[in-house]
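Asker: The following comprises the amino acid sequence and a computationally predicted model.
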Amino acid sequence: MSPDQNKPVARRRFFRMGLSELLRPLATAAKPLERMIHEIGKLDQPQARPDLPLRPPGSLPEAQFRQTCRRNGDCVRACPVQAIRIDPAKAGGVPFIDADSAACVVCSGLQCMSVCPSGALRPTSINDIDMGTAVWHSSTCLRTTGQSCTICIDKCPLGSAAIELKAGRVAVIPLGCIGCGVCQLECPTDPKSIVVIPIAAKTAR
């Protein structure tokens, strides 16, 4: 190949190298921008708040629930899985559920509601219960590492009405999820890859 024929090739190489040098600062600047966008996205996700715990099914709105509940423990004793707790030092001293320890299993007859003497827990049909909504965190889920875990889906008392698998990803159905906490309890990761955001936390946003 003659020197003249080499000129277009050398010219293209020169421009490619020059373009690469021009774009390098943009690529470097994009990395922190991507991190910032990721962090902002995390802010949009509802977060659990320890001062707004998960309440038993049928609970009145948070402020009203705290005022109405007599704290006599009838709902605690009625719960067949001992998911409801009362601790004077936690959750305002009124009944709450710690889904990491035990979850509402939406028992037959929803016994906690029927024994409540104050009306702090109102008789509510299963489909109308709204304790909160589960939120899936893909970053810690076993499925993100290629494992085929579907425990949260398999264990949900409401089944596909509340949670399902879509294109390989866990999809919570907000209108169907009642926030019972079973998915959170059964999730095998630490930290949990699916957690319930209590209704009080959602309304407080």
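Answerer: Received it, and whenever you're ready, just let me know what you need.
Asker: make it CA atoms for all contacts and neighbour counts henceforth
Answerer: Will do.
Asker: Quick check: buried residues in stretch 90-100?
Answerer: Neighbour-count burial for stretch 90-100, counted by 16 or more other C-alpha atoms under 10 Å, picks out 91, 94-99.
Asker: Could you do stretch 146-158 as well?
Answerer: Those would be 150, 152-153, 156-158, for stretch 146-158 by 16+ other C-alpha under 10 Å.
Asker: need those in JSON lines with distance to residue 59, pLDDT and secondary structure, can you?
Answerer: Putting those into JSON lines (distance: C-alpha to C-alpha, whole Å; pLDDT from 0 to 100; DSSP: H, G, I helix; E, B strand; the rest coil) gives the following:
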{"residue": "150", "distance to residue 59": "30", "pLDDT": "98", "secondary structure": "coil"}
{"residue": "152", "distance to residue 59": "24", "pLDDT": "98", "secondary structure": "helix"}
{"residue": "153", "distance to residue 59": "25", "pLDDT": "98", "secondary structure": "helix"}
{"residue": "156", "distance to residue 59": "21", "pLDDT": "98", "secondary structure": "coil"}
{"residue": "157", "distance to residue 59": "19", "pLDDT": "96", "secondary structure": "coil"}
{"residue": "158", "distance to residue 59": "19", "pLDDT": "97", "secondary structure": "coil"}
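Asker: Tell me which two in the buried residues of stretch 90-100 are the farthest apart.
Answerer: Greatest spatial distance in the buried residues of stretch 90-100: 94 and 99, 15.9 Å, computed using C-alpha to C-alpha.
Asker: still on that earlier bit, secondary structure and distance to residue 110 for the buried residues of stretch 90-100 - can I get that in JSON lines?
Answerer: Output for the buried residues of stretch 90-100, formatted as JSON lines (DSSP: H, G, I helix; E, B strand; the rest coil; distance: C-alpha to C-alpha, whole Å):
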{"residue": "91", "secondary structure": "helix", "distance to residue 110": "22"}
{"residue": "94", "secondary structure": "coil", "distance to residue 110": "18"}
{"residue": "95", "secondary structure": "coil", "distance to residue 110": "15"}
{"residue": "96", "secondary structure": "strand", "distance to residue 110": "15"}
{"residue": "97", "secondary structure": "strand", "distance to residue 110": "15"}
{"residue": "98", "secondary structure": "coil", "distance to residue 110": "18"}
{"residue": "99", "secondary structure": "coil", "distance to residue 110": "17"}
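Asker: What's the first helix or strand after the lowest-mean-pLDDT helix or strand in the chain?
Answerer: Least confident helix or strand, the chain: helix 3-44 with a mean of 51, by mean pLDDT, DSSP states H and E. Next in sequence after helix 3-44, counting helices and strands by DSSP states H and E, comes helix 62-68.
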